[in-house]
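K.L.:
Quick one: sequence plus predicted model below, questions after.
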Amino acid sequence: MPRAVPLSNLRNIGIMAHIDAGKTTTTERILYYTGVSHRMGEVDDGSATMDWMEQEQERGITITAASTTCYWKAHQINIIDTPGHVDFTMEVERSLRVLDGAIAVFCAVGGVQPQSETVWRQANHYKVPRVAFVNKMDRLGANPERTIRMMRERLNANPILVQIPLGIEDAFQGAIDLIDEVAIFYDEDTLGAHFERRPISESYLEEVRQARERMVEQIVDLDESLTDRYLHGEPIGPEELKKALRKGTLALQAVPVLCGSAFKNKGVQPLLDAVVDYLPSPLEVPPVAGVRLEAVALRNQDNRPFDPEDMVYREANDDAPFAALVFKVMTDPYVGQLCFVRVYSGHLQSGSAVLNTSRGKRERIGRLLRMHSNKRAEIQEIRAGDIAAAIGLKEATTGDTLCDACAPLVLEALELPAPVINVSIEPKTIADDELLAQSLRRICSEDPSLKVSVDPDTGQTILSGMGELHLEIVCSRLEREFKVGANISKPQVSYRETVVGRAEVDGRFIRQSGGRGQYGHVSLQIEAGEKGCGVTFESQIVGGAIPKEFIGSVERGIREAAERGVLAGYPVTDVVVRLVDGSYHAVDSSDMAFKIAASMGFQDGCRKAGLVLLEPLMEVEIVTPVDYTGEVIGDLNSRRGRITEAERRGNTQIISGLVPLGEMFGYATGLRSITQGRGTYTMQFSRYSQVPVAIANEILARQLGVTSSANRSSLTG
């Protein structure tokens, strides 16, 4: 079956931004103007096409990334609308992993907000080219110049303004295209579907001249040949400017910036033009990198790094061997499990068999679907560059690689964020017990940022997530979608433990009970590692002190002990463990003996190195009327917060700070009380930080149920 759209005319893009910047509204306008939808959905009244979940419609926020496809000027555009709330950052992470380009939406009033910075860093990590859309130009306090300045300062970006607004706030009418030097006016009677390009009025000519000169200077810096011509005073045409700007955008050296108001139906069609003009096709992004399956198997045995010859690269080509990544799993009540895949190379027909190299399983694709939010259209084939959903994959989970069994490889898996908040969850009745377990498994398969574990001391089921809202949505889904009755505890902070010093210890596990015994002996060095390094294991064994086949067991024992915790059952992190020596018995040594010896040595060494408790610190941004600034700051100080920035914008005060998560439960109610319901805030995880000793002792007393001096002395001040 031939391609309906050439690969060069395909765009895979995401729409990303801070919460309430207008992502979903922008997507709704795109669907309307491209003819996919015949009515405009609105977030506020719960009619948005892309917000299909009940919780999304009720709350007016995006919770799960939704995909759709539209067509514009002979180009096929696959769009993923991502959430803006920090609790659902995993949805953004896995979407950017498979996208070729993105639209970054900024509020003209709020500028670059906290979650804008987070998604921008994620896009930098995956090297995703972007265009920016400064939305809400009709709002009181709109200031595109400040947004551009914040992009430079906070995002370290190179924004190039290719439009300037025609009026601002209530007077906003449209935009002036600086490249083609025309004014764009929108017909309100047709909801912006019709627009006119008119000559620029004399009152704007000087402003346009200055803005265009700045734009041209920025664009020619991206192309040496244009720089030379510009310095010699030669004219540079619009198509040459677009070509150079496209080159700079694809090289991540520039970000074209447009402006508009999606809610007022202004500025969306030029944004679609920018997607076509400046964002890449699958042919223009680097070939996807994978690793040979044999190299992955060898690494699992001896933990060796990959060599350059282990790498495999696949270009976007229909005739290449098939390779795709499962980036999202969703449970559909009608068709079962849907696996969203991004195809990097080759083609696949429904009913074909594929190899899941991440699981070592062969699976058969039952049906292939093109998704439009939660609606489905069956297709017979997917090709390089496509984003689609597959039915019939029973073993696949998020991050798995699907490929041709004759040319196996493993693509880079997704990076999963660590949960920062826990609740205990239990069924209301015995009859709900098995159903709750099944439902949690299904939800966790959809959302890898959720973790379910069992407390070994109490036997409670612990559900861990990214924030209060995240866990609240999960509990709501259990009741509504899965019809499970469950009792939920109050949220608890996910603390961590770490060491502050250095220690050398021996771990021995020796048992003799007649016949074959158990013998394992390891010598470990334990010291504090860099922040964010997790648990780093290094083997410095030379010779035969410990046979090579037991070193993997030593590492497993250390990692399992770190997960269980030493001080109070919280996972140990940011620690480096070196295996420097040991001994073995030719008959009695076993994997289990070395695993237990390593676990015992690790726990003993952590105590000797000095343990401290870590708590998650949250970046908090509060928007409040100026009159309540003092009360808000005082309340943050009482919560052990540290103010990092305070900026006044008109009659509004923006307060930024770092506050421990444990002090922020119920803050929404407290802020409403202080500001008479007029204050709002956003919060996102920043890093882990040491808990003050006095407070750590209180936490340990609650966790362990004791207040003895022995426990207090376990902490290092």
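P.N.:
Structure received.
K.L.:
my read: Val691 touches Glu615, true?
P.N.:
Yes. Counting by Cβ atoms under 8 Å, Glu615 is a contact partner of Val691 at 4.8 Å. For every residue, glycine as well, the C-beta is placed using N, CA and C.
K.L.:
quick one: common contacting residues for those two?
P.N.:
495, 660 (Cβ atoms under 8 Å, 6 or more residues apart in numbering).
K.L.:
what about the residue lying closest to Ile526 once chain neighbours are set aside, which helix or strand?
P.N.:
Excluding its sequence neighbours, the residue lying closest to Ile526 (Cβ to Cβ, 6 or more residues apart in numbering) is Gly605, at 3.9 Å. Using DSSP states H and E, Gly605 maps to helix 591-609.
K.L.:
can you check Arg154 too?
P.N.:
Element membership of Arg154, judged by DSSP H and E, is helix 144-155.
K.L.:
And the helix holding Gly605, what's buried?
P.N.:
593-607, 609 (16 or more other Cβ atoms under 10 Å).
K.L.:
Out of these, which two are the most distant from each other?
P.N.:
Ala593 and Ala609 (24.2 Å; Cβ to Cβ).
K.L.:
Now Arg139: closest residue in space that isn't a chain neighbour?
P.N.:
Nearest to Arg139 is Val109, by Cβ to Cβ, 6+ apart, at 5.1 Å.
K.L.:
List the contacts of the nearest residue to Thr573 once chain neighbours are set aside.
P.N.:
Distances taken as Cβ to Cβ, 6+ apart place Arg496 nearest to Thr573, at 4.8 Å, with adjacent residues excluded. Counting by Cβ under 8 Å, 6+ apart, Arg496 touches 570-574, 613-615, 688.
K.L.:
Save these as JSON lines, and put in neighbour count and pLDDT too.
P.N.:
Compiled in JSON lines, the contacts of Arg496 are given as follows (neighbours: other Cβ atoms under 10 Å; pLDDT from 0 to 100):
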{"residue": "Tyr570", "neighbour count": "23", "pLDDT": "88"}
{"residue": "Pro571", "neighbour count": "18", "pLDDT": "91"}
{"residue": "Val572", "neighbour count": "27", "pLDDT": "94"}
{"residue": "Thr573", "neighbour count": "20", "pLDDT": "92"}
{"residue": "Asp574", "neighbour count": "20", "pLDDT": "92"}
{"residue": "Leu613", "neighbour count": "25", "pLDDT": "93"}
{"residue": "Leu614", "neighbour count": "22", "pLDDT": "93"}
{"residue": "Glu615", "neighbour count": "24", "pLDDT": "92"}
{"residue": "Tyr688", "neighbour count": "21", "pLDDT": "90"}
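K.L.:
Any idea which residue is closest to the centre of this protein?
P.N.:
Glu93 (2.6 Å; Cα atoms, centre = their mean).
K.L.:
Following element in sequence after the helix holding Arg154, please.
P.N.:
For helix 144-155, the following helix or strand on the C-terminal side (DSSP H and E) is strand 159-161.
K.L.:
Show me how far that following strand is from its chain's centre.
P.N.:
Computed by Cα atoms, centre = their mean, to the nearest Å, the chain-centroid distance of strand 159-161 equals 25 Å.
K.L.:
Remind me what that strand packs against, helices and strands.
P.N.:
Here strand 159-161 is seen to pack against helix 144-155, helix 202-220, strand 255-259 when contacts are counted using 3 or more Cβ pairs under 8 Å, 6 or more residues apart in numbering; DSSP states H and E.
K.L.:
Tell me which of the ones you listed sits nearest to Thr644.
P.N.:
Comparing the helices and strands packed on strand 159-161 against Thr644 with Cβ to Cβ, the closest turns out to be helix 144-155 (12.6 Å).
K.L.:
which stretches of this structure aren't confidently modelled?
P.N.:
Scanning the chain for pLDDT under 70 picks out the ranges 1, 40-63, 84-86, 297-306, 374, 456-458, 514-515, 704-717.
K.L.:
end-to-end on stretch 424-435?
P.N.:
This stretch, stretch 424-435, spans 16 Å end to end (Cα to Cα, to the nearest Å).
K.L.:
What residues sit buried inside that stretch?
P.N.:
Residues 424-425, 427, 432, 435 are the ones in stretch 424-435 that count as buried (16+ other Cβ under 10 Å).
K.L.:
out of those residues, which are inside strands?
P.N.:
Judged by DSSP state E, strands contain the following of those: 424-425, 427.
K.L.:
Out of the residues you listed, the closest to Ser261 would be?
P.N.:
Using Cβ to Cβ, these come closest to Ser261 at Ile425, 43.0 Å.
K.L.:
Now do the contacts for that closest one.
P.N.:
If you count contacts by Cβ under 8 Å, 6+ apart, then Ile425 has 436, 440, 461-463, 475, 486-489 around it.
K.L.:
which of these tops the neighbour count?
P.N.:
Among the contacts of Ile425, the one with the most neighbours (other Cβ atoms under 10 Å) is Leu463, at 27 neighbours.
K.L.:
Tell me which helix or strand that residue sits in.
P.N.:
Using DSSP H and E, the element containing Leu463 is strand 461-465.
K.L.:
That strand packs against which elements?
P.N.:
With contacts taken as 3+ Cβ pairs under 8 Å, 6+ apart, strand 461-465 sits against strand 421-427, helix 432-446, strand 451-454, helix 468-480.
K.L.:
Please tabulate the ones you listed in TSV, including the columns distance to Lys23.
P.N.:
Shown next, in TSV, are the helices and strands packed on strand 461-465 (distance: least, Cβ to Cβ, whole Å):
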stretch	distance to Lys23
strand 421-427	25
helix 432-446	21
strand 451-454	27
helix 468-480	17
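K.L.:
where exactly do the helices run in the stretch 1-150 of the chain?
P.N.:
Secondary structure of the stretch 1-150 of the chain (DSSP state H, counting those that start in this stretch): helices at 23-33, 54-59, 89-98, 114-125, 144-155.
K.L.:
likewise the stretch 151-300 of the chain?
P.N.:
Ranges of helices in the stretch 151-300 of the chain, per DSSP H, counting those that start in this stretch, are 202-220, 224-231, 238-250, 268-278, 293-302.
K.L.:
between the ones you listed, which one is nearest to Ser350?
P.N.:
The minimum distance between Ser350 and the helices of the stretch 151-300 of the chain falls on helix 293-302, with 25.0 Å, by Cβ to Cβ.
K.L.:
Nearest to Cys339 among the ones in strands among the buried residues of stretch 424-435?
P.N.:
Closest approach to Cys339 among these (Cβ to Cβ): Ile425, at 26.5 Å.
K.L.:
which strand residues sit across from that closest one in the sheet?
P.N.:
Beta-bridge pairing for Ile425 (DSSP bridges): Thr461, Ile488.
K.L.:
Quick check: the gap between it and Pro448.
P.N.:
Noted for Ile425: a distance of 18 Å to Pro448, by Cβ to Cβ, to the nearest Å.
K.L.:
do the same with Glu217
P.N.:
In terms of Cβ to Cβ, Glu217 sits 45 Å off from Pro448.
K.L.:
Neighbour count: these two, which is higher?
P.N.:
Pro448 (19 against 12).
K.L.:
sec struct for that one, please.
P.N.:
coil (DSSP: H, G, I helix; E, B strand; the rest coil).
K.L.:
Show the backbone phi and psi for it.
P.N.:
Backbone torsions of Pro448, given as degrees, to the nearest 10, read phi -70, psi -10.
K.L.:
what sits against it?
P.N.:
For Pro448, the contact set (Cβ under 8 Å, 6+ apart) comprises 90, 397-399, 414, 416.
K.L.:
cutoff 6 Å now
P.N.:
If you count contacts by Cβ atoms under 6 Å, 6 or more residues apart in numbering, Pro448 has them with 398, 416.
K.L.:
Could you report the separation of it from Gly465?
P.N.:
Distance, Pro448 to Gly465, by Cβ to Cβ: 11 Å.
K.L.:
Return the set of buried residues in stretch 176-188.
P.N.:
176-179, 183-184, 186.
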